[in-house]
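In: sequence-free structure coming up:
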């Protein structure tokens, strides 16, 4: 039967791989884990196991997000909890294998233990009990405030193996949507969840789908924006590298809801591993009949292809992204027409464009219901958000918390404050479109409206921490320099305005600024914000406006009176 | 790149969505840059005006119109790297490789050493922010870089102190 081509057998096989009846060692091998030596650890473990002849399964997983402690290695011994090892190097390989052979774990490398894990798909994996001296996952300060919904599988399953995704309840939501629900019922559920776009402005996802569904036409598209252009943000990379099927499943459900026959993932060329893993996921899904014709015997046809972006920040803007897929330069056009309108989307067809993380939230919403999802977070800001907590912070990593969690919790409790004992001065959220938020505002909740109120935006979720050594004027100049380079040049306020903003900031940084330069700077920023064509220009002055508002003294110190 | 290779690349793109960029990206990856003759050939084969292809190649930062050196060193200029000293990494690399800062005609930072051994470029963000500052050499990422560590890294690629 189509859609069930060996799926139950593969699910059983997957469970055997996640919880084998022999010890299992899994090395976290996303891009960052690999870069700090994870692949060398993997190869060394392979040698040691081959030489010793031990019956140990060696495999790879994605990333658990605790980047500072990488390379991370998971060890499971039948009947015992999963144990996470941290800061593992090639020198530890012998000791790890020796301990595992004896039914133990190397205690000087343990981070925490996980006796059971809820994959939020109706499947909980029970690993076992024991290792009482190893602290539980919940007691690790980096993890204790987090709630993993999007990252529900990352670090647990092998992202290059559909079997394992199926074993943790994967594609159950797609099956439920396609075989038990009408497209309208799917949209109602997403509306009820309150899910908002995770790529920037927070537009209600269910509403976007409803508008696209109403449009008529011979063909519709769903697109995933995986261009993750904000410097300092890498959550989408990890989501795709660690759990690619989650994205594919979300897109299948969305396509069914709006009636799209083709899906496209616009993925930046700078992410080769994400491209590789998604290509594999798509081809495996096709083999099993999860993509292609007559999915789950419902008569629903849908397939996905990857389009690689070629490096242009402005292509995060929806109309520019679509132009880029059509083989044009990524220059935005005024809206309406919106992408969802007939005539406005890809090749003129109604198109739903959502960010990676938005799509990744869809399967759990369908599986557990919109009401379940709406319980997480706050009233208008439901669910979780994955933030990349980076820069001058002690515990660097990917952090997933309910929306509405305060910056204090994120920066101090999860991130443990500044790196190397330095004091935190500010965070910058939302990339080049966002603003700098001073520590005195850190009790604010991280939600779309609160961020806008202080002059910043959610963006895709980058949080770059700045300490006492960071010069805020330099930060403003850094972002304006970035935006100047990435402006597509179509409209004057953005193209010329940003250039002159940059010249002013250079002058001030060089100590040649005058007091009235600050007024000119403010005036320019305000004009660019109000008159630019697209989101890039409209938000590009935010780093200047927020640093002027919150760190005026740093500008004053550099201008002559 | 010969005509046959180009035909093979083109034949892999059966859908118009993402076709032009995809083909250009494959040329860039295979040749290290976009040679003029290949671009002209492509223009004829696809019946797309050369000016349109030129505008794509100069708009997107992934493409380069100039040949590159044997090894490509790319410095990440993302925010996390910036906060952790990417500017110093870049100036140190310029000094070590003996090149002067400058942008090429297409407005991109890309400089190749005289002996054609290294090309130094900058990138917006690799998304490897947790190990900032980061550089990439021929596709391999190096995290937690410091100006002091750079000579040692470069030596693996045949760099010797002048």
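Out: Received it, and whenever you're ready, just let me know what you need. These numbers were taken from a predicted model, which means no experiment stands behind them.
In: where does chain B have its least confident helix or strand?
Out: When each helix and strand of chain B is scored by mean pLDDT, DSSP states H and E, strand B:110-112 comes last, with a mean of 88.
In: tell me if the helix or strand just after that strand is near chain A.
Out: Downstream of strand B:110-112, the first helix or strand assigned by DSSP states H and E is strand B:118-123. Yes: counting by CB under 8 Å from any CB of the partner chain, contacts between strand B:118-123 and chain A involve residue B:123. C-beta coordinates here come from the backbone N, C-alpha and C atoms, glycine included.
In: could you point out the helix or strand that follows strand B:118-123?
Out: Following strand B:118-123 toward the C-terminus (DSSP H and E): strand B:135-137.
In: do the least confident helix or strand of chain B and chain A meet at all?
Out: No: if you take CB under 8 Å from any CB as the test, strand B:110-112 misses chain A, and the best it gets is 12.5 Å.
In: what pairs with that strand, parallel or antiparallel?
Out: Applying DSSP bridges, strand B:110-112 is found paired with strand B:118-123 (antiparallel).
In: buried stuff in the strand it pairs with?
Out: B:118, B:119, B:120, B:121, B:122, B:123 (16 or more other CB atoms under 10 Å in any protein chain shown).
In: averaged pLDDT, it. What do you get?
Out: The average pLDDT within strand B:118-123 is 93.
In: for it, give me every contacting residue.
Out: Strand B:118-123 has contacts (CB atoms under 8 Å, 6 or more residues apart in numbering or on different chains) with A:270, B:68-78, B:90, B:93-94, B:97, B:99, B:108-113, B:136, B:154, B:157, B:159.
In: for residue B:26, grab the count of nearby residues.
Out: Neighbourhood size, residue B:26 [other CB atoms under 10 Å in any protein chain shown]: 19.
In: next up, the contacts around it.
Out: B:9, B:12.
In: go through the one helix or strand it maps to and flag the buried ones.
Out: Using DSSP H and E, residue B:26 falls within helix B:19-31. In terms of neighbour count (16+ other CB under 10 Å), helix B:19-31 has its buried residues at B:19, B:20, B:21, B:22, B:23, B:24, B:25, B:26, B:27, B:28.
In: which residue does the stretch 51-200 of chain A have closest to chain B?
Out: Ranking the residues of the stretch 51-200 of chain A by distance to chain B (CB to the nearest CB) places residue A:67 first, at 3.1 Å.
In: tell me how far the closest residue in space to that residue that isn't next to it in sequence lies from residue B:87.
Out: Distance criterion CB to CB, 6 or more residues apart in numbering or on different chains; nearest residue to residue A:67, sequence neighbours excluded, is residue B:130 at 3.1 Å. As for residue B:130, its distance to residue B:87 is 20 Å (criterion: CB to CB, to the nearest Å).
In: coming back round to it: in ChimeraX, select just the buried ones from the contacts of strand B:118-123.
Out: In ChimeraX syntax, the buried subset of these is picked out as below (16+ other CB under 10 Å):
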select /A:270 /B:68,69,71,72,73,74,75,76,77,78,90,93,94,97,99,108,109,110,111,112,113,136,154,159
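In: got the buried residues for stretch A:189-203?
Out: A:189-200, A:202.
In: just send those residues back as a markdown table, with distance to chain B and secondary structure too.
Out: Listed next are these as a markdown table, based on distance: CB to the nearest CB, whole Å; DSSP: H, G, I helix; E, B strand; the rest coil:
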| residue | distance to chain B | secondary structure |
| --- | --- | --- |
| A:189 | 29 | helix |
| A:190 | 25 | helix |
| A:191 | 29 | helix |
| A:192 | 32 | helix |
| A:193 | 28 | helix |
| A:194 | 28 | coil |
| A:195 | 24 | coil |
| A:196 | 23 | strand |
| A:197 | 20 | coil |
| A:198 | 16 | coil |
| A:199 | 15 | coil |
| A:200 | 16 | coil |
| A:202 | 21 | coil |
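In: now the helices for chain B?
Out: Under the criterion DSSP state H, helices of chain B are mapped to B:3-11, B:19-31, B:36-46, B:50-59, B:79-83, B:86-97, B:150-155.
In: pick the most deeply packed of those helices.
Out: Burial of the helices of chain B is given as mean neighbour count (mean count of other CB atoms under 10 Å in any protein chain shown); helix B:79-83 ranks first at a mean of 29.
In: thanks a lot, catch you later.
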